[in-house]
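S.K.: everything below, folded, please.
(3 chains)
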Amino acid sequence: MNKKISILLPSLFVALFILLLMLGLTHKSATGQRVMQPKALPNFQLSELQTGKSLTKSLFVEPLTHHYTLLNIWASWCAVCKIEHPFLLKLAQQGVFIVGLNYRDDQQAATSLLLSTGNPYQQVIFDPKGTLALNLGVVGTPESYLIDQYGQVIARFNGVLNDSVWENHFKPMMVMLTDVEQ
Amino acid sequence: MIRLWLLFILFYCAFTSAQQADNTPLNAVFSAPKKEQIIAVETFSFKNKKAQSRAIDLARELRCPQCLNQNLMESNSPIAKDLRLIVYQMVDAGKSNQQITNFMTRRFGDFVLYNPKFESRTYLLWLGPLLLLLLFTIIGIRVIKKSIKVTD
Amino acid sequence: MIPELALYLLILTGFFSLLGILLTLLANIKQRPQLRHYIWPLTYGGAFCITLSISLLAYSFVINDFSVLYIAQHSNSQLPIFFKIAAVWGGHEGSLLFWVFSLALWAFVIAWVNGKAKTQFISHVLVVMNLLILSFVLLTLFSSNPFLRLLPMPLEGRDLNPMLQDIGLIFHPPLLYLGYVGFSGVFSFAIAALCQPESTFPWAKQSRVWALVAWIFLTAGITLGAWWAYYELGWGGWWFWDPVENASLLPWLTATALLHSLIASEKHQALIRWSLLLAVFTFCLSLLGTFVVRSGVLTSVHAFAVDPRKGMLLLLVLGICLVVPLTLFSNNFGRFKVSKLYAIKSREVLFLISNSLFAVTTLTVLLGTFYPMVFDAFNLGKISVGAPYFNTVFVPLSLLAFVLMGASTFIGWGKTKRLNKGLFSAMALTSISALFLFYLFAEGRELLVIVVLLLTSWVIITPFFNARFFKDLFKNSAMFIAHTGIAICALGALLNAHYSTEISKKMGPGSQVILDEFKIEYIETQWLLGPNYSAEQALLTITDHANNTYQLTPQRRHYPVRVMNMSEPAIKSFWNKDIYITLGEKIDATDYAVRIQKRAFTSSIWLGAILMMIGAGLALLKRMLRVKENHNE
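M.R.: The predicted structure follows:
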């Protein structure tokens, strides 16, 4: 009996190790999401891309018409953002309140891009030096943040937003939010 | 239609080559950083040598949040240059290493620390070597004792 | 037609292996030993086929056959022919083919050397080798066939990654693969020994030869990789504790332990189980390294294109390579002779300690490398484990190893009493020389520098206290040179980390900076046209104390096909420092951001590595001479 166990023991260890490696191998799909604690949006003072009007954190804190805001980081030089663009337009049509954060961009190029491809954003924060993006911890474009009406970041996603990400990553958080309200 | 396909193929090629060329992950493509920024970081002059070596050592211990596996000194990605500049500026302004790493982890998480914190979830990592040393010492002593008995 | 022929030859290699395995099994089952002999010619045939196959791939590269997908992806008609051949192993598919090639080559050499007496033991070794060949042929065929056609044929290839267009990277992968794969020989010997614990075949003796050869290749591969990273990447670093680097360090550590353990096993029948397990683990860690590079399981700068499916298959091979020998081992555990220990203070115990130390170090590096992956897999968040962690845990363990290295002089095998009287004078001499070195090199008073200087002196001085050092010069010098090598390497690495300085400045024609004792002047900017790139080149001069002037030309290259920019640093090496200049961003019409580093003692790192290889080479040479003597008798 004892001998049988000792024969099987090494195989067991190997199986465990291989299993771990397999887990690591298949886990890659979840990249882009970051587990996070709700975090307060940093303070900022920047201008709107098109109107030039001054924007602050109150943009997210005050809204009474909706429970949450989707903050989307984009730039005209970002090729991948263009893949995401139609989906954002669709979300905007569904009534999602989207605020854009134009990251390290040229004002002219960004404005003309929005004119030609359509504008899903209610407002666009113009951040040519990337100061707000840095304080948010933006790693790269495109990136999206879900922000509740108290100015807390409750979800984030690094990469192209699409139906499945929206359904699996952002929707549940939003449902939770609305539930709390009711 | 054909044009669309061509565009797609072109885009795909550009994308895949960019992926191999730089260490950008799949879902993010970056612009070149603003030139002033590069120049500021590449020609940064420190108050003194001590600050310089502290800044460089610290930048080496911080991981570029966007790259595959490079520290702030090695990476040429825009965000790494940004963050390196911040490290330089903060060190030059006399901020402590703790303050600077706090600044980074608040924004990008513990992921950016190449020197993981000693906390409950990294106990195994930090104490592992000691445990292993202990384990092998115990096994070694037992083997030696047994073996000497055999020879006696 | 040629790629199809090459593919056919690859399949034939697998077929030969399969046939050899089946015939040998049949020989064992039906008790017909003469059937066993067929595996020799079949192994030779397989090696011949795969050699031809890989040569045909190289030929297709040379004639720019872009209808082959792999060639279209990794070559270009403008690519110099030298790099075209190197591109054979420059991508994932080709490098896997190279794996098969080196496996077949090793099998061939083992079969050839043991070709006179076709013993049952060696036939078992060859069965294991051919099983490995077969699995890698299948892996290549089904998951990464390098001979796939691309239709319609493109007019131009996508060019080899400019990073790989470099002399260092031409030889780095094949040396590394030859090393990795070389341990398949030791692995096969271990399995054959595990199958027949009572066999009288001197497996430890032969294993040591194969282990030495493979170890030299692996060390050369790793060193070349580090050297390439140093002079090509432009950061001035040479070891980054990147997962892929760690993956090559792991088998190196166990292999080094194996080399020592085999000495004890071969000559004194001690630590036999240790040797067997180390042989198995060394090859399995080589497989793990291959897995890490190809599967994308760990995020690394050096990884090939990510493909989890290939990873799964490799994982399967790795699993089998671990489970089979370990089960055999635990099954036959009691049947191996237990080594005799006569005293606590004996060389056997010393080797046991050193084996344990290597095992702990290996497991620690393994732990640090895979910790973030496991962490992430269990959704505990993302963390990084990098250089600071590895330095913290690696340094004390290696310091302990250095203590042992020196101590070995004063401890003999078994009951033999070695003189103790030299011990104190050795310690005294060590301290004096360490103080002297400290006075020479140290610029600060770091404790670690003092400790490492002490231990380096200890390792280098103690062998001379062996009364028989000059009597058995050949044998002792192999050990002495290898140990001196690792000591110098460690010392170089430490001083490099502690005493390197740098300066970043905006420079243009006419400007100059001072870095320590050097004056660096920017002379002019030149524009060059390479075969497949264009470059801006800065001409700088450095002037030292003695008014010697040297010219340096760092470049920024642009490769149009891949739209990539590469920075080529320029290095002037002195015996105790390198001046390392990188040309950075262009600031205005005339000026560039220039980074000038003084990297202390980099040369000693390379010198140390070369000494280690020479030491191993001497041990090998001695072995070969002795075999010749035995033959002549």
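S.K.: kindly report the residues of chain A close to chain C.
M.R.: Contact residues (CB under 8 Å from any CB of the partner chain) of chain A with chain C: A:6-11, A:13-15, A:17-18, A:20-28, A:30, A:34-35. (Each C-beta comes from the backbone N, C-alpha and C, glycine too.)
S.K.: now stretch A:73-92: how far from the chain's centre is it?
M.R.: Between the centre of stretch A:73-92 and the centre of its chain there are 12 Å (CA atoms, centre = their mean, to the nearest Å).
S.K.: swap in stretch C:11-26?
M.R.: Per CA atoms, centre = their mean, the centroid offset for stretch C:11-26 relative to its chain is 30 Å.
S.K.: pretty sure residue B:113 is touching residue B:98, no?
M.R.: No. Distance between residue B:113 and residue B:98: 11.7 Å, which falls outside the contact criterion (CB atoms under 8 Å).
S.K.: more neighbours: these two, which one.
M.R.: Remark: of residue B:113 and residue B:98, residue B:113 carries more neighbours, 21 against 8, as counted by other CB atoms under 10 Å in any protein chain shown.
S.K.: which residues touch the more buried one?
M.R.: Contact analysis of residue B:113 by CB atoms under 8 Å, 6 or more residues apart in numbering or on different chains lists B:61, B:62, B:63, B:101, B:104, B:105, C:383, C:384.
S.K.: partner residues bridging it?
M.R.: Residues in a beta bridge with residue B:113, per DSSP bridges, are residue B:62.
S.K.: could you measure from it over to residue A:140?
M.R.: Distance from residue B:113 to residue A:140, counting by CB to CB, to the nearest Å: 19 Å.
S.K.: same check on residue C:408?
M.R.: 53 Å.
S.K.: between these two, point out the one with more neighbours.
M.R.: Neighbours per residue (other CB under 10 Å) separate residue C:408 from residue A:140, with residue A:140 holding more: 23 against 20.
S.K.: so the more buried one, which state does it fall into?
M.R.: Secondary structure for residue A:140, judged by DSSP: H, G, I helix; E, B strand; the rest coil, is coil.
S.K.: ramachandran angles for it?
M.R.: phi -170, psi 160 (degrees, to the nearest 10).
S.K.: where does chain B have low pLDDT?
M.R.: Applying pLDDT under 70 to chain B flags residues B:1-34, B:149-152.
S.K.: my error: substitute chain A in the last question.
M.R.: Those would be A:1-3, A:28-38, A:62-65, A:176-182, if you go by pLDDT under 70 across chain A.
S.K.: in it, what residue is nearest chain C?
M.R.: residue A:10 (3.5 Å; CB to the nearest CB).
S.K.: count of residues packed around that residue?
M.R.: By other CB under 10 Å, neighbour count at residue A:10 equals 19.
S.K.: now swap in residue C:569 and tell me
M.R.: Neighbours of residue C:569 (other CB under 10 Å): 21.
S.K.: from what I can see it touches residue C:554, true?
M.R.: Yes. At 5.4 Å, residue C:569 and residue C:554 qualify as touching, with contact defined as CB under 8 Å.
S.K.: can you list the buried residues in stretch A:142-154?
M.R.: By neighbour count on 16 or more other CB atoms under 10 Å in any protein chain shown, the buried set for stretch A:142-154 is A:142, A:143, A:144, A:145, A:146, A:147, A:148, A:149, A:151, A:152, A:153, A:154.
S.K.: er, stretch C:104-115 actually
M.R.: Buried, per 16+ other CB under 10 Å, within stretch C:104-115: C:104, C:105, C:106, C:107, C:108, C:109, C:110, C:111, C:114.
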